[in-house]
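In: Provided below for reference: sequence and predicted model.
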Amino acid sequence: MSRIGKMPIKLADQAKVEVKDNVISVSGPKGSLSQAMVSEVTVSINDGIVSVQRIDDSKRAKAMHGLYRMLVNNMIEGVTKGFTRKLEITGVGYRAELKGDLLSLTLGYSHLIFFKAPGEIKIEVPDPVTVLISGIDKALVGQIAAKIRSFRKPEPYRGKGIKYEGEVIRRKEGKAAGK
């Protein structure tokens with residue numbers, strides 16, 4: 001049995017979970033999320049505990065068991081606490097600025113890069129070299145962070161670019177000068 005799939009999910013006080021027609025809906029103080037379920041797994045709610053079971057031992061059902069348990073767990077955590085990703089910008093002259101709802105990035109190109117996030121994602125720029133991305137959907141927060149990072153990935157020689165908080169960049173040695 002799946003180690004992750006068999007773990008019960010404790011329902012937070014503010015979160016409310018409903019299962020209807022193979023669609024699970026979670027609502028809480030930060031918003032609401034819904035996810036369509038596959039036919040290989042079922043979700044049950046008993047006494048504040050949400051559990052995910054698979055219907056048989058097929059390979060696909062085993063794969064979906066752990067996946068849907070984590071999806072439901074992330075939905076509950078998202079509507080109660082939310083998710084945040086922090087990006088750090090490194091490089092001389094590299095900076096970020098928020099102009100209304102547009103994120104303006106200066107990344108060493110001959111032009112500015114403008115990025116508009118979807119409505120359910122909140123972008124903050126506490127200082128010119130830090131970007132905070134927050135929202136209730138973990139996958140969407142990660143996808144937006146990856147999209148912003150892709151504008152200038154960190155390079156291995158000087159480490160210039162956009163990186164995740166805590167990400168370690170493997171540095172390369174430069175060209176050896178003539179001896």
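Out: Sure thing, it's come through. Everything numeric in this text was worked out from a predicted model, so none of it was measured.

In: pLDDT below threshold where in the protein?
Out: Scanning the chain for pLDDT under 70 picks out the ranges 1-2, 177-179.

In: what is the longest helix along it packed up against?
Out: If you go by DSSP state H, the chain has its longest helix at helix 59-80. Counting contacts by 3 or more Cβ pairs under 8 Å, 6 or more residues apart in numbering; DSSP states H and E, helix 59-80 packs against strand 9-10, strand 23-28, strand 31-36, strand 41-46, strand 49-54, helix 138-149. C-beta here means a position set from N, CA and C on the backbone, and glycine is covered the same way.

In: dump the last one to CSV, restricted to CA.
Out: This means helix 138-149. Extracted as CSV, the C-alpha positions of helix 138-149 are listed here (Å, rounded to 0.1, in the frame of the first residue of the first chain):
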residue,chain,number,x,y,z
LYS,A,138,0.5,25.2,-4.9
ALA,A,139,0.9,24.1,-8.5
LEU,A,140,0.0,27.6,-9.9
VAL,A,141,2.3,29.4,-7.5
GLY,A,142,5.2,27.0,-8.5
GLN,A,143,4.4,27.4,-12.2
ILE,A,144,4.4,31.3,-12.0
ALA,A,145,7.7,31.2,-10.0
ALA,A,146,9.2,28.9,-12.6
LYS,A,147,8.0,31.2,-15.5
ILE,A,148,9.6,34.3,-13.8
ARG,A,149,12.8,32.4,-13.2
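
In: got the domain boundaries for the protein?
Out: Under the assignment automatic domain parsing, the domains of the chain span 9-80, 83-164.

In: list the contacts of the most centrally placed residue in the chain.
Out: Note on the chain: the residue nearest the mean C-alpha position is residue 142, at 2.9 Å, using Cα atoms, centre = their mean. Residues near residue 142 by Cβ atoms under 8 Å, 6 or more residues apart in numbering: residue 85.

In: including distance to residue 123, could the helices and strands packed on helix 59-80 go into TSV?
Out: Formatted as TSV, these follow (distance: least, Cβ to Cβ, whole Å):
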stretch	distance to residue 123
strand 9-10	29
strand 23-28	22
strand 31-36	17
strand 41-46	33
strand 49-54	31
helix 138-149	8
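
In: now do the next helix or strand after the longest helix of the chain: which elements does it pack against?
Out: The helix or strand immediately downstream of helix 59-80 is strand 83-90, counting by DSSP states H and E. Applying 3+ Cβ pairs under 8 Å, 6+ apart, one finds that strand 83-90 makes contact with strand 130-135, helix 138-149, strand 161-164.

In: what comes up buried for the second one?
Out: Buried positions in helix 138-149, judged by neighbour count with 16 or more other Cβ atoms under 10 Å: 138, 140-141, 144-145, 148-149.

In: go on, stretch 81-100?
Out: 82-83, 85-87, 89-91, 94, 96.
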